[in-house]
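S.K.: Mind folding the following:
(chains A and B)
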Number of protein chains: 2
Amino acid sequence: MSAPIYDRVALIGLGLIASSMFWAMKRGGLAGEVTGYARSEATRETARRIGLCDRVCDSAAEAVADADLVVLAVPVGAMGAVAREIAAALKPGCTVTDVGSVKKHVIDAVAPELPEGVHFIPGHPLAGTEHSGPESGFAELFDNRWCLLVPVDCRSSGQVARLRSLWEGMGAHVDEMDAEHHDLVLAVTSHAPHLIAYTMVGVADDLRRVTDSEVIKYSAAGFRDFTRIAASDPTMWRDVFLTNKDATLEILGRFTEELFALQRAIRTGDGQHLFDYFTRTRAIRRGIIEAGQDTDAPDFGRAKRAGK
Amino acid sequence: MSAPIYDRVALIGLGLIASSMFWAMKRGGLAGEVTGYARSEATRETARRIGLCDRVCDSAAEAVADADLVVLAVPVGAMGAVAREIAAALKPGCTVTDVGSVKKHVIDAVAPELPEGVHFIPGHPLAGTEHSGPESGFAELFDNRWCLLVPVDCRSSGQVARLRSLWEGMGAHVDEMDAEHHDLVLAVTSHAPHLIAYTMVGVADDLRRVTDSEVIKYSAAGFRDFTRIAASDPTMWRDVFLTNKDATLEILGRFTEELFALQRAIRTGDGQHLFDYFTRTRAIRRGIIEAGQDTDAPDFGRAKRAGK
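M.R.: A predicted model of the protein is given here:
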């Protein structure tokens, strides 16, 4: 095994992403010592019990001391406060990155808090499950997934290359883009779809004439995939929508327009419009299979593999 | 192995559902001879080549002759015409069922075409994948899934029990309900979610500022599940929306109301509203896992099982 990419890494926040990063770094021998901190004492206790992090610290400042890489893995709305908390304890010349789903807001909140000489390189791994917490992570989470880096200072290019190596070592492909474009792309591929799934699951739950048990029993017919999306962490998603407000609302506006057009086609019996639309969307799916971002297996092979 | 439940079964239409029924009936030894018919000659050729059905016939009338059970497995909009085509060839006392996703329309279209003495027992297996055609079927499709039967004539109760045994033999659980309730339940759990997924995928495709390749590459972040749903058979779904118009439009109206409320919460920065909503929808997911209609495995075990 080659030398680690970072001698010391600090994970601030110990949820799904940070815990998966820990196991992926260990799998690849990518980091020397990994320290960890979570605001909740219960989370720190769990982390110690399951061996998550080489050393779990009782303050964020203690965790980041001497770290070459600090990873902010807290909800987007908490990033600024955490940056303020650790700023004085950061090692000069270290790199600070984050894993938040929104980039413009995080940059605005974090960058002003960090001292001169620290390299801030925002990031966002496009990977997750509907589970959260320190016990939800696993080493394979980033395998064959994308991680987007959003460099904000050209003087950090050497450190960007180093962070890229870390993500590649954890199994991810890495792309770079600017913050505004990132936030629009994610509004389309993630934020709007999540809000829509949350909405549909809420509607089903509200409906008096269809019982909850009916919705649950008969969910295999399409609704099930929505419930998986709508089971994601509420705090994280509240923050995503509040901090990527403009792009999300824009995409939802487009969505509503199209939905109204399809509803009109249903109401007026315009079968050709529906057929053409559905034929077009089917082709997009083919592109995703070809890009290796999903499997073509019937039922995702769910039947064959129950439980974690 | 015990005696078959039906000596002769005829499958009219040879797509995903009918082909899966064939393999499931063979797996369980549930039927003697199974005949099949599809309107397209290419489909009939494929069926013969892959051994789908014991005998592939060149007309629907030939396929149903002497059949104890006839399964109408064509798009909902074609059910009436097919019933008219086979009516004169049906064996007296046989059972006719269907697998359409809408029940009230199918009953209105099929029942008047069938001769006196034939038992018509509408059905709907809640199972599927985004694939279609004679080669997409597999014996396990119905395992642990629900099949809803919608009996329309109390004189058929003996035959309902027999059809129930067939579905149970193919791995399904069976429930009975009336047609109107079925169509509402399915509008919630399947039809509205499909239209919403189709819409979102269409929006992504329309957006000029986000390239197709970006949408495809970064789809793991939520959008991917929508594309799977939106890849379903266009003809089948056109017919579903046109024939379950009222219930679908009602649910979509509710959906739009809720979506507007959530959009307003985003616009006004009402984080508590979002958090409470997302916490509620998360609980529904837990119910579905407990009901055995999905797996809790991270990423559905997709990473471990690529390809069919």
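S.K.: which residues make contact with stretch A:182-192 from outside it?
M.R.: A:101-104, A:124, A:126, A:148, A:150, A:177, A:240-241, A:244, A:247-248, A:250-252, A:255, B:200, B:203-204, B:207, B:209-210, B:214-215, B:218-219, B:221-223 (C-beta atoms under 8 Å, 6 or more residues apart in numbering or on different chains). C-beta coordinates here come from the backbone N, C-alpha and C atoms, glycine included.
S.K.: gap between the two ends of stretch A:112-121?
M.R.: 13 Å (C-alpha to C-alpha, to the nearest Å).
S.K.: So which bits of it are buried?
M.R.: A:E113, A:L114, A:V118, A:H119, A:F120, A:I121 (16 or more other C-beta atoms under 10 Å in any protein chain shown).
S.K.: Now go through the residues you listed and say which are in helices.
M.R.: Using DSSP state H, no member of the buried residues of stretch A:112-121 falls in helices.
S.K.: ok, of those residues, which one's closest to B:A65?
M.R.: Distance to B:A65 across the buried residues of stretch A:112-121 (C-beta to C-beta) is lowest for A:I121, with 72.4 Å.
S.K.: In space, what's closest to the closest one - neighbours in sequence excluded?
M.R.: In this structure, A:I121 finds its nearest non-sequential neighbour in A:T97, 5.0 Å apart by C-beta to C-beta, 6 or more residues apart in numbering or on different chains.
S.K.: who's in contact with that neighbour?
M.R.: Here A:T97 is in contact with A:L69, A:V70, A:V71, A:L72, A:F120, A:I121, A:P122, A:G123, A:L163 (C-beta under 8 Å, 6+ apart).
S.K.: Let's see that with 6 Å instead.
M.R.: Residues counted as contacts of A:T97 (C-beta atoms under 6 Å, 6 or more residues apart in numbering or on different chains) are A:V71, A:I121, A:G123.
S.K.: Now flag whichever of these is closest to A:A10.
M.R.: Once C-beta to C-beta is applied, the member of the contacts of A:T97 that ends up nearest A:A10 is A:V71, at 6.9 Å.
S.K.: roughly how far apart are the closest one and A:L249?
M.R.: When C-beta to C-beta, to the nearest Å is the yardstick, A:V71 and A:L249 sit 30 Å from each other.
S.K.: now swap in A:A81 and tell me
M.R.: In terms of C-beta to C-beta, A:A81 sits 25 Å off from A:L249.
S.K.: More neighbours: which of the two?
M.R.: The residue with more neighbours, out of A:A81 and A:L249 and counting by other C-beta atoms under 10 Å in any protein chain shown, is A:L249; that gives 18 against 14.
S.K.: how near is the more buried one to A:D178?
M.R.: Taken as C-beta to C-beta, the span from A:L249 to A:D178 is 20 Å.
S.K.: part of a helix, is A:G287?
M.R.: Yes. According to DSSP: H, G, I helix; E, B strand; the rest coil, A:G287 belongs to a helix.
S.K.: The nearest residue to it once chain neighbours are set aside - how many residues pack around it?
M.R.: Distances taken as C-beta to C-beta, 6+ apart put B:I216 closest to A:G287, at 4.5 Å, once the chain neighbours are dropped. For B:I216, the neighbour count with other C-beta under 10 Å is 23.
S.K.: quick one: contacts for B:I216?
M.R.: A:G287, A:I288, A:A291.
S.K.: The last one: how many residues sit nearby?
M.R.: Other residues near A:A291 number 14, with proximity taken as other C-beta under 10 Å.
S.K.: Quick check: closest non-adjacent residue to it.
M.R.: That would be B:I216: by C-beta to C-beta, 6+ apart, it lies 4.8 Å from A:A291.
S.K.: Mind telling me what element that neighbour is part of?
M.R.: helix B:212-217 (DSSP states H and E).
S.K.: can you pull up the bridge partners for the closest residue to A:H124 other than its chain neighbours?
M.R.: Beyond its immediate neighbours in the sequence, the residue positioned closest to A:H124 (C-beta to C-beta, 6+ apart) is A:L148, lying 4.8 Å away. A:L148 has these beta-bridge partners by DSSP bridges: A:H124, A:D175.
S.K.: A:L148 and A:I121 touch, don't they?
M.R.: No. In this structure, A:L148 is not within contact of A:I121 by C-beta atoms under 6 Å, at 11.2 Å.
S.K.: Using the three-state scheme, assign the residue lying closest to A:L207 once chain neighbours are set aside.
M.R.: Spatial nearest neighbour of A:L207, excluding adjacent residues (C-beta to C-beta, 6+ apart): B:V188 at 6.2 Å. When classified by three-state DSSP, B:V188 comes out as helix.
S.K.: Any idea how many residues pack against B:V188?
M.R.: 29.
S.K.: Do you know the pLDDT at it?
M.R.: Looking at B:V188, its pLDDT stands at 92.
S.K.: do A:E116 as well
M.R.: On the pLDDT scale, A:E116 gets 95.
S.K.: how far away is it from chain B?
M.R.: Between A:E116 and chain B the distance, using C-beta to the nearest C-beta, to the nearest Å, works out to 33 Å.
S.K.: do A:H131 as well
M.R.: The separation that A:H131 has from chain B, given C-beta to the nearest C-beta, amounts to 7 Å.
S.K.: burial of the closest residue in space to that residue that isn't next to it in sequence, as a residue count?
M.R.: In space, and not counting its chain neighbours, A:H131 is closest to A:L16: 6.1 Å by C-beta to C-beta, 6+ apart. Burial of A:L16 is recorded as 27 neighbouring residues (other C-beta under 10 Å).
S.K.: ok, now A:R155?
M.R.: 9.
S.K.: Give me the pLDDT value at it.
M.R.: pLDDT, A:R155: 91.
S.K.: again with the one 4 residues further on
M.R.: If you check A:Q159, the pLDDT there is 97.
S.K.: buried ones in the helix or strand containing it?
M.R.: Per DSSP H and E: A:Q159 is located in helix A:157-169. Residues A:Q159, A:V160, A:R162, A:L163, A:R164, A:L166, A:W167, A:E168, A:G169 are the ones in helix A:157-169 that count as buried (16+ other C-beta under 10 Å).
S.K.: which one of these is nearest A:H131?
M.R.: A:W167 (21.3 Å).
S.K.: Surely the closest one is in contact with A:C147?
M.R.: Yes. Under the criterion of C-beta under 6 Å, A:W167 makes contact with A:C147 at 4.4 Å.
S.K.: what is in contact with those two at once?
M.R.: A:V174.
S.K.: quick one on the thing from earlier: give me the secondary structure label for the residue nearest to A:I121.
M.R.: strand.
S.K.: Read off the pLDDT value for it.
M.R.: A:T97 is given a pLDDT of 98.
S.K.: For B:T129, see how far away A:A220 is.
M.R.: Taking C-beta to C-beta, one finds A:A220 at 11 Å from B:T129.
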